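[1] predicted coordinates and the sequence they were generated for:
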Amino acid sequence: MAEAERIIGTPDTPDAPGDGQQETADAERPRGRRRIAVLFAVAVLAYALDLVSKMIVVAKLEHHEPVEIVGDWLRFEAIRNAGAAFGIGEAFTVIFTVIAATVIVVIARLARKLYSLPWAIALGLLLGGALGNLTDRIFRAPGVFEGAVVDFIAPKHFAVFNLADSAIVCGGILIVLLSFRGLDPDGTVHKD
C-alpha cells in the first residue's frame, strides 16, 4: 500500500512530489552540472596552458642555452623526462602512461557525483595536468606510450618540471586540504 501511495504521490507520504524533495532534486541537477562545467573548464585551461608552453619551449628553447628568469634561482631549461618526478623510473614510461590514463577515467567517473566547487577545481587541475603529460607520453619521441615529457621550469636545487606537473601538485594539495576539512566531492561534510 505504501509503495502505491508513493507512486501515486499521495500528499501524506514523505516521498510525494509536492513536499519539496522533488524541487530540491531538480535544483541539485543544475548545480551539479555547473560543477562539472567548472571541472572541465579548469581542465581545459590547465591542459591548454601546458600544451602551448611546451610548444613554445620545444620551438624556442630546446637545443639552446637555458634562459635565466630570476638570476640563477629560476631558469627555463628544456629537457625530456621519460620518467616520473625527478627523473625516477625512466624504464617505466608505459606504466606512467597507464597510470595517467587511469586517473583520467577515474576523474571522469567521479564527475557524475560532483557537487562541490572546490573539488571541481581540484579535479580539474588533476585532469588537465594528467592530460598534458599523457599527451607527451603518447605523441613525443621515442614512440607511442613511451614518449618523454617536456620539462622546462628549473628552480635552483630542485627538479625541472612543467605546467602539467604544477597543476597536478596544486590539485593534489587542494584535495588533501579538502579531505582534512571533511568536504566530500558530493558536497557533504563529514566529521571523523
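    That came in fine, so what should we check first?
[2] CA atoms for contacts and neighbours, from now on please.
    OK.
[3] wait, what's in contact with the residue nearest the centre of the chain?
    Against the mean C-alpha coordinate of the chain, by CA atoms, centre = their mean, the closest residue is L126 at 1.8 Å. Neighbouring residues of L126 by CA atoms under 8 Å, 6 or more residues apart in numbering: A43, A167, I168, V169, G171, G172.
[4] how far away from the center of its chain is the helix or strand hosting I153?
    If you go by DSSP states H and E, I153 is part of strand 149-155. Averaging C-alpha positions (CA atoms, centre = their mean, to the nearest Å) puts strand 149-155 19 Å from its chain's average.
[5] same deal with stretch 46-54?
    13 Å.
[6] lowest-pLDDT helix or strand in this structure?
    helix 2-8 (a mean of 37; mean pLDDT, DSSP states H and E).
[7] beyond it, next helix or strand please.
    Heading C-terminal from helix 2-8 (DSSP H and E), you reach helix 21-60.
[8] where in this structure is pLDDT low?
    For the chain, the stretches with pLDDT under 70 are 1-31, 85-87, 91, 192.
[9] L178 against D184, yeah?
    Yes - L178 sits in contact with D184 when judged by CA atoms under 8 Å, with a separation of 7.4 Å.
[10] who touches both of those two?
    Common neighbours of L178 and D184 (CA under 8 Å, 6+ apart) are W119.
[11] three-state assignment of the residue nearest to the centre of the chain?
    What DSSP: H, G, I helix; E, B strand; the rest coil gives for L126 is helix.
[12] and it, how far is that from V94?
    Counting by CA to CA, to the nearest Å, the gap from L126 to V94 is 19 Å.
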